[in-house]
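1. Would you be able to build a 3D model of this:
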Amino acid sequence: MKRSGTADLALHGGHVPQWLAARMTALGAAIVEQIVISYGPSEFLTRLSDPFWFQALGCVMGMDWHSSGITTSVMGALKRGLNPRFAELGFAVCGGRGRHSIRTPDELREFSMKTGLNGDELARTSRLTARVDNNAIADGFQLYQHSFVIHRSGEWAVVQQGMRPASMLARRYHWHSTTVRDFVSDPHTAILGRPQGTILNLVDARAGDAQQAMLTITGEPLEASLDEARRLVMPSHHEVRPADVDLKRLGAVLAVAHEKELRDFASLLLVEGLGPRTLQSLALIAEVVHGAPCRFSDPARFSFVHGGKDGHPFPVPLKTYDESLDVLRRSLDAARLGQMEKVEGFRRLDRLTRAVEQRREPLADFSAAIAHEQSISASLDGRTVCDDARAAKRKAESAQLSLFSE
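-> You can find the predicted model right below:
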């Protein structure tokens, strides 16, 4: 087996408020369905195992663009959105964070009862991927989240994350069953994280002598470890900076969304008369559905879809979020009736944006783009977790004052 990728992220606490969690669940399921309709279920698992695409997906959903919270929040949203639709889409998301990860083997056995797959073998595979990343890769990160995503065909992907509290870093590990040939020789497709000096990787293909020595000492098989393939390292700063974004790619999206001639043509591909802000979001969502792997080298760019719950690069525009979801749902409803025009519209929108990028030099004015988003935030019901905290504080203060006045 070969791990598909890794990512290093800033270790953050916090929570996902219900107003965002519900939208993440709906958007995640809609994006997965778009991918399955266009490319089949295997393509979704392939993308899920790419750390760069996964990070872009989290940004599209409105999560903090660079932090560890993307992993648990995205996987939680996918579990809530996909598991109830197993009959339609064929996916089950097993495990999760903390105590939920312990239930992974039982959930996989339950899944096998529906599909006829070997539940014990799936449970063993789940344990092996965890043991490789937690034990055979001596990089100092201890796993606290393990999600096993499987299709009824038997193809699977694993997304799991470990933390190193002393350095305030998290590391996410990605696996894909189609790339795994041998659990003890280069099983990973990628590992994401900052260099931490020399580490011990007992599943590196070059570690055969060390493996054999350990087998001699312990008399037990060494079950795990991975080589780095796709590797993502996210910065620690909270704000999105120009250096974090491919300004030419972002410029093409802004041109398609905000230049009248391009906007009028682009909106016809989906819903006539779409506003520029919703079209901006849909153009980037279309790229998440249809973009090639090389398109996700700057996942921070996708935070320009729905901002971030911490306010970076701007508050989550709830009106835009809901309008984007409405367009996605309508296209999927039509596709279920055999009307593929709107689903194909997303593919054409992605092609249009790339054509603009290739033929012109629409570099984004980064500061102007952020300033514009901030200026229209209130009109789009922009919201952050900080707003929730301030509202709770005002409510508590008001209650306290009413007690004194009685």
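2. where in this structure is pLDDT low?
-> 1-2, 137-138, 180-229, 394, 396-406 (pLDDT under 70).
3. Could I get the full set of strands for it?
-> Ranges of strands within the chain are 3-10, 91-97, 137-138, 142-151, 156-164, 169-176, 190-192, 200-201, 230-233, 316-317, 382-383, based on DSSP state E.
4. partner strands of the last one, parallel or antiparallel?
-> Using DSSP bridges, the strands paired with strand 382-383 in its sheet are strand 316-317 (antiparallel).
5. what's the domain layout of this structure?
-> 3-233, 242-390 (automatic domain parsing).
6. Which stretches in the stretch 1-150 of the chain count as helices?
-> 18-39, 41-48, 51-60, 69-82, 86-89, 99-102, 104-115, 119-131 (DSSP state H, counting those that start in this stretch).
7. Now render these as JSON lines, adding mean neighbour count and distance to residue 393.
-> Every C-beta, even on glycine, is put in place using the N, C-alpha and C of the backbone. Putting these into JSON lines (neighbours: other Cβ atoms under 10 Å; distance: least, Cβ to Cβ, whole Å) gives the following:
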{"stretch": "helix 18-39", "mean neighbour count": "20", "distance to residue 393": "18"}
{"stretch": "helix 41-48", "mean neighbour count": "21", "distance to residue 393": "38"}
{"stretch": "helix 51-60", "mean neighbour count": "27", "distance to residue 393": "28"}
{"stretch": "helix 69-82", "mean neighbour count": "24", "distance to residue 393": "22"}
{"stretch": "helix 86-89", "mean neighbour count": "14", "distance to residue 393": "42"}
{"stretch": "helix 99-102", "mean neighbour count": "14", "distance to residue 393": "31"}
{"stretch": "helix 104-115", "mean neighbour count": "18", "distance to residue 393": "39"}
{"stretch": "helix 119-131", "mean neighbour count": "19", "distance to residue 393": "40"}
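8. any chance of the strands of the chain in CSV, plus mean neighbour count?
-> As requested, the strands of the chain are arranged in CSV below (neighbours: other Cβ atoms under 10 Å):
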stretch, mean neighbour count
strand 3-10, 28
strand 91-97, 23
strand 137-138, 21
strand 142-151, 22
strand 156-164, 25
strand 169-176, 29
strand 190-192, 27
strand 200-201, 18
strand 230-233, 20
strand 316-317, 27
strand 382-383, 20
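9. returning to what we had before: quick one: closest of the helices of the stretch 1-150 of the chain to residue 380.
-> helix 18-39 (13.6 Å; Cβ to Cβ).
10. helices or strands next to that closest one in the packing?
-> Helix 18-39 makes packing contacts with helix 41-48, helix 51-60, helix 69-82, helix 86-89, helix 276-290, helix 318-336, helix 341-359 when contacts are defined by 3 or more Cβ pairs under 8 Å, 6 or more residues apart in numbering; DSSP states H and E.
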